[in-house]
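Trainee: coordinates only, sequence not included:
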């Protein structure tokens, strides 16, 4: 499938006819090149990149999806929204959508080259709870890693909750790392708890997931760098759960993180 064909399926919320990985030569390098081609087409039609999503950082779900390393993709002005704790997200033209509770960072500067955790901490402006709505254009979420990358890293929507300046939560990278690693989250649909997770699931902590992403992004030929104002969502703390219009979901993160809820519409 060409980059334009991939955009057509994205716009229509329709399944691909076959996995791109059916071609044995279509590897991760080719998949990122295809993803960046799609990015150029989306920019050309007026969409604006607003940051990145990092996926498959939760090691506990790798065997379930047959993906054993993180991936990344672009977050867009057309897919990103903010709220102060309760938000509404449309599922229109999504394909087999699922929900993931995550931690989102807002950047105040481009991280230093070969950044340490301390230097990365200095480049972050704020942190917030988030819900990423992910999707797969292959039936039943059956894919290989290269398919997920070409499929925009499975990104569909991102709802960002209450943003808190980073230095109100921790005064150093090491303090934040420990705090996030030990934090927990409870995911609920309505009044029913459906899953629980913790920050340590995400490459040991969301801060370390962010550092891994920065290094991976810079190693990808043709990829843009992080910039001030970018948002980065760092991967789900639980499994990804199917969602549909009319449902309300909530994530209760342990203190000092904030909770977040979302109502889904058509």
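Mentor: Looks like it arrived, so ask away. Treat the numbers as computed from the prediction; the structure is a model and nothing was measured.
Trainee: Residue 105 pairs with what?
Mentor: residue 127, residue 232 (DSSP bridges).
Trainee: do residue 80 as well
Mentor: Beta bridges link residue 80 to residue 158 when assigned by DSSP bridges.
Trainee: With residue 139 as the reference, measure out to it.
Mentor: For residue 80, the distance to residue 139 (C-beta to C-beta, to the nearest Å) stands at 27 Å. The way it works is simple: take the backbone N, C-alpha and C, and place the C-beta from them, glycine included.
Trainee: Wait, residue 260 touches residue 129, no?
Mentor: Yes: using C-beta atoms under 8 Å, residue 260 makes contact with residue 129 at a distance of 4.2 Å.
Trainee: Show me the common contact partners of those two, please.
Mentor: Common neighbours of residue 260 and residue 129, using C-beta atoms under 8 Å, 6 or more residues apart in numbering, are 101, 161-162, 251, 253.
Trainee: Tell me which two in these are the farthest apart.
Mentor: 101 and 162 (14.1 Å; C-beta to C-beta).
Trainee: Looking at the two now, which is surrounded by more residues?
Mentor: Using other C-beta atoms under 10 Å, the more surrounded residue of residue 101 and residue 162 is residue 101, with 27 against 17.
Trainee: The more buried one should be in a helix, yeah?
Mentor: No: Residue 101 is assigned strand when assessed by DSSP: H, G, I helix; E, B strand; the rest coil, not a helix.
Trainee: Quick check: pLDDT value at it.
Mentor: Model confidence at residue 101, given as pLDDT, is 98.
Trainee: Can you give me the neighbour number for the nearest residue to residue 104 once chain neighbours are set aside?
Mentor: Using C-beta to C-beta, 6 or more residues apart in numbering and skipping the chain neighbours, the partner closest in space to residue 104 is residue 130 (3.9 Å). Residues near residue 130, counting by other C-beta under 10 Å, number 27.
Trainee: Identify the residues contacting residue 199.
Mentor: 103, 180-185, 205-206, 237.
Trainee: any idea what sits nearest residue 37, other than its immediate chain neighbours?
Mentor: Spatial nearest neighbour of residue 37, excluding adjacent residues (C-beta to C-beta, 6+ apart): residue 3 at 4.1 Å.
Trainee: Equivalent analysis for residue 68, please.
Mentor: Nearest non-adjacent residue to residue 68, counting by C-beta to C-beta, 6+ apart: residue 62, 4.8 Å away.
Trainee: In which helix or strand does the one you found reside?
Mentor: According to DSSP states H and E, residue 62 maps onto helix 62-65.
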